[in-house]
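Engineer: return atomic coordinates for the entry below.
(one chain, ligands or ions: 1)
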Amino acid sequence: MQHFDIIIIGGGAAGFFTAINAAEFNPNLKIAIFERGKEVLTKVKISGGGRCNVSHAEFIPKELSLNYPRGEKELLGPFHGFMTGDTMEWFEKKGIELKIEDDGRIFPVSDDSQSIINCFLQETERLKIQVFKSHAVQNFQKEEKCWMVKSSKGDFSADKIMLATGSNPKMWNMLKKLGHEIIEPVPSLFTFNIQDARIKDLPGIATEAEVKINSKNVTLESKGPLLITHWGMSGPGILKLSAWGARDLEKLNYQFEILVNWLPGFTSEDILSSLKDLKTKLAKQQVVKNAQFDLPKRLWKNLVIGSGIAEGTTWADLNKNQLQNLSDQLTAAIFKVNGKSTFKEEFVTAGGVNLKEINFKTFESKLHKNLFLAGEVLNIDAITGGFNFQNAWTGGFLAAKAMSED
Ligand SMILES: Cc1cc2nc3c(=O)[nH]c(=O)nc-3n(C[C@H](O)[C@H](O)[C@H](O)COP(=O)(O)OP(=O)(O)OC[C@H]3O[C@@H](n4cnc5c(N)ncnc54)[C@H](O)[C@@H]3O)c2cc1C
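Structural biologist: Coordinates of the predicted model:
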């Protein structure tokens with residue numbers, strides 16, 4: 001039976017990063033990666049719309065950790081050991097040039113996830129890490145001195161193993177048998193399905209907004225770009241809510257109401273007083289044709305009509321109720337969400353191994369010596385923007401350091 005110092009189960013982001021770093025820490029180690037698929041790094045390939053958003057330009061550990069609805073407290077320590085700046089340096093040392101976009105997302109300059117994959121494949125080859133594709137791990141168990149790994153293509157053994165299997169329910173079940181608690185998985189990072197005349201015919205329109213959920217004991221709010229789509233609403237402002245509310249919104253069966261303030265920072269009273277001024281200033285002009293507050297013209301028109309003001313109405317015609325309705329519509333428009341859709345650029349599962357059972361200095365299981373876990377297999381996930389990969393890199397790096405020591 002073939003024996004390795006380290007077997008990594010899962011040829012994804014966390015698995016490759018662990019293997020490469022462990023080999024760099026200790027070039028004498030015999031390391032193997034087992035991947036069930038015909039290809040490795042398949043999520044890296046499709047990530048970030050094919051561009052791979054590797055991290056996010058947030059360089060303060062505490063601030064970075066705030067982007068993790070699950071894992072915020074636990075990742076703070078690890079981020080002091082390896083975070084954004086280290087990730088950038090790591091890739092740049094390997095010859096991958098990176099760029100920071102205006103919204104803070106970090107991508108390879110090539111805008112092609114294949115650059116990251118090529119880098120990982122070259123490194124595994126250089127460091128003589130064996131990559132076993134189409135080797136699905138069916139079981140792993142602790143023997144007296146090592147771990148036995150049973151794969152679809154035969155049995156192997158290793159001193160240390162790393163579980164980097166992402167959100168695979170089968171592996172979670174195996175971990176349950178080893179005594180680990182698995183927090184029930186639910187989707188995170190999804191868009192909201194909304195059928196509503198006010199946003200119909202506006203797909204592609206993006207604007208800054210504040211969004212609140214105040215439905216059956218779920219209170220959440222976010223601020224950021226909101227994108228109107230064919231199915232409803234998306235954009236970072238909405239995706240943030242889907243991440244923070246992943247568990248609660250699943251309980252509501254994705255049926256709830258949101259309150260949208262299209263003019264972030266302004267209250268209904270602020271806007272009402274501006275509208276009263278406009279009534280005098282623009283008296284003879286038609287309200288629908290006169291977009292205000294820098295709102296996209298077509299959105300303004302729909303919101304005006306949505307507040308019960310007919311086309312052709314002039315500012316002078318507006319009565320007290322109409323002014324109030326319009327200011328409410330602009331600052332607290334209620335929309336009914338009915339289901340969710342997948343956000344194609346990035347999605348992730350909330351849930352996984354209970355974080356109480358992990359030593360976050362080393363990413364080793366507190367229950368089993370020489371069993372390490374990193375990436376999405378853990379109950380860690382983030383909002384969109386490169387934070388999910390950063391979790392994989394951080395866990396992978398610190399685990400690699402610990403695994404390469406005696
Ligand atoms: C469409 C999409 C786009 C994304 N874009 C981004 C982005 O741009 N930025 C970002 O930060 N995050 C992004 N994410 C999230 C990110 O991809 C994940 O957080 C990250 O891939 C998790 O890494 P991982 O190594 O833990 O798991 P994975 O990447 O899922 O890798 C796990 C690997 O383990 C293998 N495996 C599972 N079970 C077994 C087994 N029994 N035996 C052998 N192998 C096994 C799987 O086949 C897989 O290859 C995106 C996700 C999706 C779905």
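Engineer: what residues are up against whatever residue of the stretch 1-150 of the chain ends up closest to the ligand?
Structural biologist: Closest to the ligand within the stretch 1-150 of the chain is Gly12: 1.9 Å, counting by CB to the nearest ligand atom. (C-beta placed from N, C-alpha, C; glycine too.) With contact taken as CB atoms under 8 Å, 6 or more residues apart in numbering, Gly12 is in contact with Val40, Leu41, Thr42, Lys43, Val44, Ala164, Thr165, Gly166, Gly375, Ala392.
Engineer: domain parsing of the chain, as residue ranges.
Structural biologist: Under the assignment the TED database, the domains of the chain span 2-187+350-404, 190-346.
Engineer: and the end-to-end length of the last one?
Structural biologist: This stretch, domain 190-346, spans 9 Å end to end (CA to CA, to the nearest Å).
Engineer: before we move on, back to that, so how far is Val131 from the residue of the stretch 1-150 of the chain closest to the ligand?
Structural biologist: 12 Å (CB to CB, to the nearest Å).
Engineer: ditto for Thr349
Structural biologist: From Thr349 to Val131 the distance is 25 Å (CB to CB).
Engineer: give me the mean pLDDT for stretch 287-297.
Structural biologist: Averaged across stretch 287-297, pLDDT comes to 95.
Engineer: what does the stretch 251-400 of the chain have sitting close to the ligand?
Structural biologist: Contact residues, the stretch 251-400 of the chain versus the ligand (CB under 6 Å from any ligand atom): Glu345, Glu346, Phe347, Val348, Gly375, Glu376, Val377, Gly386, Phe387, Asn388, Phe389, Ala392.
Engineer: A helix includes the first one, no?
Structural biologist: Pointing back at Glu345 there. No: Glu345 is assigned coil when assessed by DSSP: H, G, I helix; E, B strand; the rest coil, not a helix.
Engineer: wait, what's in contact with it?
Structural biologist: Applying CB under 8 Å, 6+ apart, we find Glu345 in contact with Gly48, Gly49, Asn53, Thr384.
Engineer: any idea how far Lys38 is from whichever residue of the stretch 101-250 of the chain sits closest to the ligand?
Structural biologist: In the stretch 101-250 of the chain, the residue that lies nearest the ligand is Gly166 (2.6 Å; CB to the nearest ligand atom). Per CB to CB, Gly166 is found 16 Å from Lys38.
Engineer: for Ala164, same thing?
Structural biologist: Ala164 is 18 Å from Lys38, by CB to CB.
Engineer: same check, this time on Lys150
Structural biologist: Distance, Lys150 to Lys38, by CB to CB: 20 Å.
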